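Visitor: pasting the sequence and the predicted coordinates here, then a few questions.
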Amino acid sequence: MDGQPLTEAEMISRIVAGERELFHALIKSCERAVFLTAYSVLKSEADAEEVVQEAALKAYKALGSFRGEAKFSTWLVKITLNEARMRLRRSRSESEISLQEFTDDGDSDYTPAVLTDWREIPSEALDRKELREVLQRALDELPEMYREVLISRDVREMNIQETAHLLGISEGMVKTRLFRARLMMQKMLAPELRMQGWKGTKG
Amino acid sequence: MALDCKHVWREISNYIDGDLDPSVLASMEKHLAHCRHCAAILDSTRNIVYLIADERTFALPSGFSERLHARLESELENSGPDNGVYSSW
């Protein structure tokens, strides 16, 4: 050992060769990304956590087939997304699936909540659990296709191209869904947040 | 080009991302300077985007990492990676 940190490719080949404890380190850096991905589909922390565990085990099993064309985290996130979607499909009735699919991307208008002024809520206000819960509940209210895009873009802060690639949709579709998701969030949240007078105090 | 409020709403998301043609951007800024409704809608939307991007809003559940690594520890002991291809990739 020369003390240099291992590259991702080196780590993977050593894991495949039998150093399985290195897999923990490999997974560590993508935990939040995979959790948020599973949560974006399932909107249940417990279900998302189970899916992440299953996806991590599948990734480990299949590690010998990973060719390094994408980053490991991208690969694992994609596996997680597939697993989460499969779990969701299994838990839903057929009629619900078709309803969801028909609500996609029509030309209906998304109108925001109309306000005459806005007093900015500082990020310190996020120390308050009530504010975090209000934001999480609004996100849970979004239809799945909008929640997936909003979490990729605004929570995980992926760019348009990465989001399109992960979700298997066009870049134009990412922008359209993002515009609607953001306005839906504004419509749900702005009137509620405006009434509260959020300050940066803990609570 | 003059924009009406509805048109401005459609572009608010691209405006926040800095993803607008210069001519649309100029028209939008002109509209926003005079329309307090659209200015408040932009401010509130942008504020909400910042709040949900903050790591505190969507933190990992408590104990998530420990449980994940404990599960990996117990299952990895019994098996090694193989050359099976992940079927949905």
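Guide: Cool, the structure landed. Given the structure is predicted, the values throughout are model-derived calculations rather than measurements.
Visitor: just confirm A:Leu76 contacts A:Arg32, I think it does.
Guide: No. The pair A:Leu76 / A:Arg32 is not scored as a contact, 12.0 Å apart, by CB atoms under 8 Å. In this view, the C-beta of every residue, glycine as well, is placed from N, C-alpha and C.
Visitor: which one of those two has more residues nearby?
Guide: Between A:Leu76 and A:Arg32, counting by other CB atoms under 10 Å in any protein chain shown, A:Leu76 is the more crowded of the two (26 against 16).
Visitor: which helix or strand contains the closest residue to that one other than its chain neighbours?
Guide: Counting by CB to CB, 6 or more residues apart in numbering or on different chains, A:Ala59 is the residue found nearest to A:Leu76 once chain neighbours are left out, at 5.1 Å. Under DSSP states H and E, the secondary-structure element containing A:Ala59 is helix A:45-61.
Visitor: quick check: buried residues in that helix?
Guide: Along helix A:45-61, these residues count as buried under the neighbour rule (16 or more other CB atoms under 10 Å in any protein chain shown): A:45, A:47-61.
Visitor: and the helices in chain B, which stretches?
Guide: With helices called from DSSP state H, chain B shows them at B:5-16, B:22-34, B:36-53, B:64-76.
Visitor: what would the ones you listed look like in CSV with mean neighbour count?
Guide: Conversion of the helices of chain B to CSV gives the following (neighbours: other CB atoms under 10 Å in any protein chain shown):
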stretch, mean neighbour count
helix B:5-16, 18
helix B:22-34, 14
helix B:36-53, 20
helix B:64-76, 15
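Visitor: would you turn these into JSON lines with mean pLDDT?
Guide: Listed next are the helices of chain B as JSON lines, based on pLDDT from 0 to 100:
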{"stretch": "helix B:5-16", "mean pLDDT": "95"}
{"stretch": "helix B:22-34", "mean pLDDT": "96"}
{"stretch": "helix B:36-53", "mean pLDDT": "96"}
{"stretch": "helix B:64-76", "mean pLDDT": "93"}
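Visitor: compare those and give me the one nearest A:Thr37.
Guide: In terms of CB to CB, the element of the helices of chain B nearest to A:Thr37 is helix B:64-76, at 13.7 Å.
Visitor: returning to that earlier point: okay, the helices of chain B in TSV with distance to A:Ile27 next?
Guide: Output for these, formatted as TSV (distance: least, CB to CB, whole Å):
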stretch	distance to A:Ile27
helix B:5-16	33
helix B:22-34	42
helix B:36-53	24
helix B:64-76	7
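Visitor: TSV for those, including distance to chain A?
Guide: Formatted as TSV, the helices of chain B follow (distance: least, CB to the nearest CB, whole Å):
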stretch	distance to chain A
helix B:5-16	4
helix B:22-34	13
helix B:36-53	4
helix B:64-76	5
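Visitor: which of those helices sits closest to A:Ala38?
Guide: When the helices of chain B are compared (using CB to CB), the closest one is helix B:64-76, at 11.1 Å.
Visitor: what is the burial count for A:Leu178?
Guide: Using other CB under 10 Å, A:Leu178 is surrounded by 23 other residues.
Visitor: quick one: mean pLDDT for the helix or strand hosting it?
Guide: For A:Leu178, the element it lies in under DSSP H and E is helix A:171-196. The predicted model assigns helix A:171-196 a mean pLDDT of 94.
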